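Chemist: Sharing a model that was predicted from the sequence below.
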Amino acid sequence: DIIGHPFFSSDRNMPAISSFIRSSLPPALGMLSCCVVFAADYEEPVRLELASQMPDLEAKTELYEVAPEVQTDGFLNTYQVTTDTGEYQISSTALLKIRLREVVAIAQMREIEETQSSSDAIEDDVNEIKEGFSDLVEDPKGTLEGAASGVGKLFKLGGEAWNSRHTRKDENKLSNLGKTVVGYDKAWREYAGQFGVDPYSSNEALKSELDRLATAASQGSAFSMVAKALIPGGLGFAISATGMSQALNEMLITSSELELRIINREKLVAMGVDPLLAEQFLDDPTMSPSFKTYLVGSLETMEGTEGKSYFIQFAVDSESEDVAMFRASSAILYAYYHGSQRPIKQLIQAGPIVTGIDEENDLVVAAPLDYLLWTEALETAIASIEEDTADSELNSRHLLLTGDVSDQAEHELEERGWTVHSKIKPDSDAS
């Protein structure tokens, strides 16, 4: 299966972020029913044109075809994708971009497999592999910030392996320290970087191909040449392509999972997050090391912002991959606003999410959603946010969307005093 991931094939995994938001609301709904009059008319799930949601997507290629209509539930889109192995459903635009890139990468890896049957063959064709990729950088800086070095690093990682091995999801790759010593883990990450995919992806088909390449590289003389050829570079799997996330992408390639855990823990503690809460967050098996690194790295850039512990508490136990992506993307969106608009002075829990208050005392809600419809769940969430921030003496309220919003939802929100900012692209003008 070239897709290799349960998010492609099961109705039970249709936008979990929707059920997450809804499941967070009943207590608030009961509390607010005495003082809030809900709208009589709500919007139903609709079908949208693919071109309106992803105008730059090549919908049909030799490897896949994305259906021209997209189903939305008012929060995230669900895409229908057809490959030579069958039809699949993918929840969220962000996850679709990741999976389609992985489909291409898997096909490229298998093409190599067809023409090369040994490490020597891989070595002979290193230059051909390298020519297919252009977004590479030399000597990335700051990729091991916070990690130990030399003998100290060896002992630190050994202790970390002992303390955290029960949290690892992929025992075949991460518990085999022998493979790591001879370069297996390093080769795995470098190949992922070369092919523009997440080294910590949950895609089983992708992991199988990376395992094959990394094993071949670590078993023979081909490794030294391959390692030199596969310079860590800019990845395509990033949630955003800002300068900040580019550095984080490079860190994912140059740092092992254990190193990332150490780096992220030290950053969290430095932010004032309780060490036990930090461990609880890092132990969450649903959120990948990549999403954890994006989330922590984003919060780190928000200098002077209080309440970061609220966001880490919010991010614990993500329940599903699209919820984990929502939370990591929210952190990126807040960091983008903090750096390019106005500094966020405080993060607070409000309703089912964590919100921000900027230096002008404006409420900012980061919502990395695909298409917002006016639904009972949305109105209840908005009402609970308004109630929880009623004592904050706010000047205005702003909703930041990475996707689009229906006319009715925008009208209803504006009637309640919200300003909606749609189609925000953190990678478009942040540095």
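Modeler: Received it, and whenever you're ready, just let me know what you need. Residues are numbered from 1 along each chain as shown.
Chemist: Scan the protein for its longest helix.
Modeler: helix 93-115 (DSSP state H).
Chemist: Would you mind measuring from Trp188 to Val104?
Modeler: For Trp188, the distance to Val104 equals 19 Å [C-beta to C-beta, to the nearest Å]. Heads up, the C-betas are built off the backbone N, CA and C, glycines and all.
Chemist: Give me the more crowded residue out of the two.
Modeler: Trp188 (26 against 19; other C-beta atoms under 10 Å).
Chemist: pretty sure that one contacts Pro199?
Modeler: Yes - using C-beta atoms under 8 Å, Trp188 makes contact with Pro199 at a distance of 6.2 Å.
Chemist: hang on, the earlier thing: who are the packing partners of the longest helix of the chain?
Modeler: strand 77-83, helix 184-195, helix 204-219, helix 321-340 (3 or more C-beta pairs under 8 Å, 6 or more residues apart in numbering; DSSP states H and E).
Chemist: any idea which of those scores lowest on pLDDT?
Modeler: Least confident of the helices and strands packed on helix 93-115, judged by mean pLDDT, is helix 204-219 with a mean of 86.
Chemist: Kindly calculate the angle that that one makes with helix 184-195.
Modeler: 120 degrees (axes from the mean of the first three to the mean of the last three C-alpha atoms, to 10 degrees).
Chemist: circling back: what residues do Trp188 and Pro199 have in common as contacts?
Modeler: Leu210 (C-beta atoms under 8 Å, 6 or more residues apart in numbering).
Chemist: what about the helices and strands packed on helix 93-115, which gets the closest to Ser255?
Modeler: helix 184-195 (8.1 Å; C-beta to C-beta).
Chemist: Low-confidence bits of the stretch 251-400 of the chain, can you list those?
Modeler: By pLDDT under 70, the stretch 251-400 of the chain has no low-scoring segment.
Chemist: Please repeat the previous calculation with a cut-off of 80.
Modeler: Flagging of the stretch 251-400 of the chain using pLDDT under 80 yields the residue ranges 319.
Chemist: where exactly do the strands run in it?
Modeler: In the stretch 251-400 of the chain, the segments counted as strands under DSSP state E, counting those that start in this stretch are 344-350, 353-358, 363-367, 371-372, 397-401.
Chemist: Leaving out sequence neighbours, find the closest residue to Met325.
Modeler: Excluding its sequence neighbours, the residue lying closest to Met325 (C-beta to C-beta, 6 or more residues apart in numbering) is Ala94, at 5.7 Å.
Chemist: And for that neighbour, the neighbour number?
Modeler: The local packing of Ala94 (other C-beta under 10 Å) involves 22 other residues.
Chemist: returning to what we had before: could you pull out the buried residues of the longest helix of the chain?
Modeler: The neighbour-count check on helix 93-115 (16 or more other C-beta atoms under 10 Å) flags 93-109, 112 as buried.
Chemist: again with stretch 393-403
Modeler: 394, 397-403.
Chemist: now those as a markdown table including distance to Gly86?
Modeler: Shown next, in a markdown table, are these (distance: C-beta to C-beta, whole Å):
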| residue | distance to Gly86 |
| --- | --- |
| Leu394 | 50 |
| Arg397 | 44 |
| His398 | 42 |
| Leu399 | 38 |
| Leu400 | 37 |
| Leu401 | 32 |
| Thr402 | 29 |
| Gly403 | 27 |
